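Engineer: take a look and give me a structure for this.
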Amino acid sequence: MLIRKIEVFLRQTGMPASRFGRLATRDPNFVYSLRNGREPRLATERRVEHFMNIYRENAHAD
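Structural biologist: Modelled structure (predicted):
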């Protein structure tokens with residue numbers, strides 16, 4: 001489930017939920033909406049997972 005992956009990412013990075021939403025989907029309420037039961041489209045899930053992967057790769061490169 002996407003929200004679980006995002007919650008782990010947020011804990012690992014210390015990133016606020018609103019910043020994550022803004023960077024990953026241009027929607028600062030994205031994570032809050034997921035927490036309240038929103039089901040994202042497949043394309044959105046892929047975009048969010050891609051964002052998390054790229055962010056982790058860049059964090060390890062520094």
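Engineer: mind listing the helices in this structure by residue range?
Structural biologist: For the chain, applying DSSP state H gives helices covering 2-13, 17-25, 30-35, 42-61.
Engineer: need those helices in CSV (columns: mean pLDDT).
Structural biologist: Output for those, formatted as CSV (pLDDT from 0 to 100):
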stretch, mean pLDDT
helix 2-13, 98
helix 17-25, 98
helix 30-35, 98
helix 42-61, 95
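Engineer: now the ones you listed in TSV, with mean neighbour count?
Structural biologist: Using the backbone N, CA and C atoms, a C-beta is placed for each residue, glycine as well. Below are these laid out as TSV (neighbours: other C-beta atoms under 10 Å):
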stretch	mean neighbour count
helix 2-13	14
helix 17-25	17
helix 30-35	18
helix 42-61	12
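Engineer: tell me the contacts of the closest residue in space to residue 27 that isn't next to it in sequence?
Structural biologist: Nearest non-adjacent residue to residue 27, counting by C-beta to C-beta, 6 or more residues apart in numbering: residue 21, 5.0 Å away. Residues in contact with residue 21 (C-beta atoms under 8 Å, 6 or more residues apart in numbering) are 27, 28, 29, 30, 31, 32.
Engineer: now do the first one against residue 54, distance only.
Structural biologist: Computed with C-beta to C-beta, to the nearest Å, the distance linking residue 27 and residue 54 is 18 Å.
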